[in-house]
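Enquirer: pasted the sequence and its predicted model underneath.
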Amino acid sequence: MTSFEKIQTNPGRAEDRIALGVTKLSGNAVRISVWKQGASQCDLWIYENRKKQIYPMFPAEEWGMADYFTLCLTGEGIAERLQGLTYDFVADGEHFADPYAKDIVGRDAFGRKPGNVRGRFDFMEFDWTDENWTRLATDDMILYQCHVRGFTRHKSSGVMHPGTFSGLQEKIPYLKELGINTLLLLPVYDFDEWMRDENGTELKKINYWGYTENAFYFAPKAGYASGEESVSVEFQQLVKILHQNGMNLLMDMYFKNQTPDFILSCLRYYALRFHVDGFRVNQECMDAEWLKRDPVLSHVKILGYHWEEEQAGIPGQEHFLEMNDAFLVDARRFLKSDERQAEKFYRRFWEQKRGVGVVHYITQHNGFTLRDLISYDRKHNEDNGERNQDGTEYNYSWNCGAEGPSRKKEVNRKRACQQRNAFAMLLLGMASPMILAGDEFGNTQKGNNNAYCQDNAVTWLDWNLLGKNKELFCYVKQLIAFRKEHPLYHNRRYLMGMDVKGLGAPDVSCHGEEPWDAKFSYYSREMAVLYYGGYYGGKSLYIAFNFHWESHEFFLPNVESNGRWKLLLDTSEEKEQKVEKGKYTMAPRSIAVFESESGQVSKTKKSKRKKGRREK
């Protein structure tokens, strides 16, 4: 029996004709539904090799919707016979692909001009046995923003299938060693990277990132498949292996003119069929109430620019997460020693919102990499073909004394210290941190802060840098391990900045060079943050910041019974640094981290400290 033999057609039952796209029904039946606004007639075309079969579709006239078309194909083993065949629609003489297609052909090779874009029937079931799926609590997440193609496309990646889902899967051991447990992938649905202007004229540019309006949202991107399996199976396999390794996966979804029903259906589809753990969405297309009341999406994480507080989130396990550039701006300005930034950064450093999770980052795909942030004062986007007029002018960067690559020892010493500073600022704050892929080993885009159209060595991670910058990688790895192990970062309560339990010190407090004496003047570039261990059942942490270009002496507060502090980290890496008589000398532009040697509060000094604070 050929694929097209003994196939019967009918409009299907009314109750089966609601959902758009292709659906496998019970009883050897497949339903296809499509809406083509204003169309008077529509046919389904199915292709097998060089043959095609045309099936007229039935308009839903009894519903008063003559441009809504359905068709039910029935026959023995119909789904198996259709599996892998391609199809499209012809309405009033115009060919168009199914917006709800779960597999797309015609743009299988990334960056090549598309051919005939069609849907492909996909009824494959995936075996999720032994997946061991656990959704991570919000404050346990260490996020890593990654472009599937760019992550392994460079020849130095050493994977068998560069630039694909399989290539990314091969790098899971690396991510696990680093300490990453949550991947945030730039768009991996089937977007059209072939760019055109507003008149439809083709441009000699590739939309590398994937934030385009022309996309098939229900189909994983064929250009990211290795060809070893179907694209859906390859993506499912990636998710399964991530889950088996205790990791989660989030997808970046860019919707433009889609309806609420389309958006919700799409997100539910990836959550159910691909076990995706959450989504970053452009929030102007979403409504929190839709998501809170959805039986599927109320159980996944939703990242947006801003959510109102009290979204019914449990501390540490929130459903809604806020992700915007506010921390990026304040952290960068403090890092580069701008005036009037100490107080702003202090507030950002322990930022929390009731009922809403918070994600912080210093770099993301849009802008400088971390290496470029400390190597360039200006953007260098000439290769984008827009005369360097694209991309933001406000990078809040500092080149440490030379623009671009430098052989000067002092410049490189400052840059190395600034990289360590940036990671300490990111990974030791209270919000869930997100690292841009490659920052942990000094990836550079040569000063391009808007590399949306660069599908080349500018955006492909050069894994040779991992060997050259192994010390930075190990430093980031150790910081992540510290964060995972310290009880402060897994405390299921919100910080208040007050001593609400009468333990003798606030849960979090700000200090200057003198204890309990924070100075937030216009010129202040020094401050310290104390996390008091009595509020989370661990040892206290004291994190001192000196972003002045001169050394400063910090006197450490006496909040524990023995009053002693242990130095855990000094980003300046100066030798022979130690705490002497409660005092520590901070090198210029450096961060020092201390941990109390005792977890017990000094009750004899408790009242004096409280009195001192009242007098200030």
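Expert: Here it is on my side, so go on.
Enquirer: what number of residues lie near Arg347?
Expert: Neighbour count for Arg347, taken as other C-beta atoms under 10 Å: 12. Heads up, the C-betas are built off the backbone N, CA and C, glycines and all.
Enquirer: before we move on, what SS does it have?
Expert: Local secondary structure at Arg347 is given as helix here, using DSSP: H, G, I helix; E, B strand; the rest coil.
Enquirer: for the spatially closest residue to Gly401 that is not a sequence neighbour, pull up the helix or strand it's in.
Expert: Leaving aside its chain neighbours, Gly401 sits nearest to Val411 (4.6 Å; criterion: C-beta to C-beta, 6 or more residues apart in numbering). Following DSSP states H and E, one finds Val411 within helix 409-427.
Enquirer: what helices or strands is that helix leaning on?
Expert: Where contact means 3 or more C-beta pairs under 8 Å, 6 or more residues apart in numbering; DSSP states H and E, helix 409-427 is packed against helix 326-335, helix 370-373, strand 432-436, helix 470-485, strand 590-596.
Enquirer: so for Tyr217, which of the ones you listed sits nearest?
Expert: For Tyr217, the closest of those is strand 432-436, at 23.5 Å, according to C-beta to C-beta.
Enquirer: in the next helix or strand after the closest one, which residues are buried?
Expert: Using DSSP H and E, the helix or strand that follows strand 432-436 in sequence is helix 464-468. For helix 464-468, the neighbour count (16 or more other C-beta atoms under 10 Å) marks Leu465, Leu466 as buried.
Enquirer: how far off centre is helix 464-468?
Expert: How far helix 464-468 lies from its chain's middle: 24 Å, per C-alpha atoms, centre = their mean, to the nearest Å.
Enquirer: mind checking the pLDDT average for it?
Expert: For helix 464-468, the mean pLDDT works out to 98.
Enquirer: circling back: output the helix holding Val411 in PDB with nothing but the alpha carbons.
Expert: Below are the C-alpha coordinates for helix 409-427, written out as PDB (Å, rounded to 0.1, in the frame of the first residue of the first chain):
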ATOM      1  CA  LYS A 409      51.400  44.100  31.800                       C
ATOM      2  CA  GLU A 410      49.700  46.700  33.900                       C
ATOM      3  CA  VAL A 411      46.700  46.900  31.500                       C
ATOM      4  CA  ASN A 412      46.300  43.100  31.500                       C
ATOM      5  CA  ARG A 413      46.700  43.000  35.300                       C
ATOM      6  CA  LYS A 414      43.900  45.500  35.700                       C
ATOM      7  CA  ARG A 415      41.700  43.600  33.200                       C
ATOM      8  CA  ALA A 416      42.200  40.300  35.000                       C
ATOM      9  CA  CYS A 417      41.200  41.900  38.300                       C
ATOM     10  CA  GLN A 418      38.200  43.600  36.800                       C
ATOM     11  CA  GLN A 419      37.000  40.200  35.400                       C
ATOM     12  CA  ARG A 420      37.300  38.700  38.900                       C
ATOM     13  CA  ASN A 421      35.500  41.700  40.400                       C
ATOM     14  CA  ALA A 422      32.600  41.300  37.900                       C
ATOM     15  CA  PHE A 423      32.100  37.600  38.700                       C
ATOM     16  CA  ALA A 424      32.200  38.300  42.400                       C
ATOM     17  CA  MET A 425      29.600  41.000  42.100                       C
ATOM     18  CA  LEU A 426      27.400  38.700  40.100                       C
ATOM     19  CA  LEU A 427      27.800  35.400  41.900                       C
END
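Enquirer: from now on call the first residue 247
Expert: With 247 as the first residue, the last one maps to helix 655-673.
Enquirer: next, the angle helix 572-581 makes with that helix.
Expert: For helix 655-673 against helix 572-581, the angle by axes from the mean of the first three to the mean of the last three C-alpha atoms, to 10 degrees is 140 degrees.
Enquirer: so for the residue nearest to Gly647, what's the pLDDT?
Expert: At Val657, pLDDT is 98.
Enquirer: OK, contacts around it?
Expert: Cys646, Gly647, Ala648 (C-beta atoms under 8 Å, 6 or more residues apart in numbering).
Enquirer: where's it relative to Thr817, distance?
Expert: 17 Å (C-beta to C-beta, to the nearest Å).
Enquirer: would you mind giving the helices and strands packed on helix 655-673 as TSV with distance to Trp536 added?
Expert: Output for these, formatted as TSV (distance: least, C-beta to C-beta, whole Å):
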stretch	distance to Trp536
helix 572-581	25
helix 616-619	36
strand 678-682	24
helix 716-731	33
strand 836-842	42
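Enquirer: tally of neighbours for the closest residue to Val542 other than its chain neighbours?
Expert: The shortest distance from Val542 to any residue other than its chain neighbours is 4.6 Å, reached at Arg514 (C-beta to C-beta, 6+ apart). Arg514 has 15 neighbouring residues, counting by other C-beta under 10 Å.
Enquirer: next, Arg514: phi, psi?
Expert: Main-chain torsions, Arg514, degrees, to the nearest 10: phi -60, psi -40.
Enquirer: so it sits right up against Trp536, yeah?
Expert: No - between Arg514 and Trp536 there is no contact under C-beta atoms under 8 Å: 11.2 Å.
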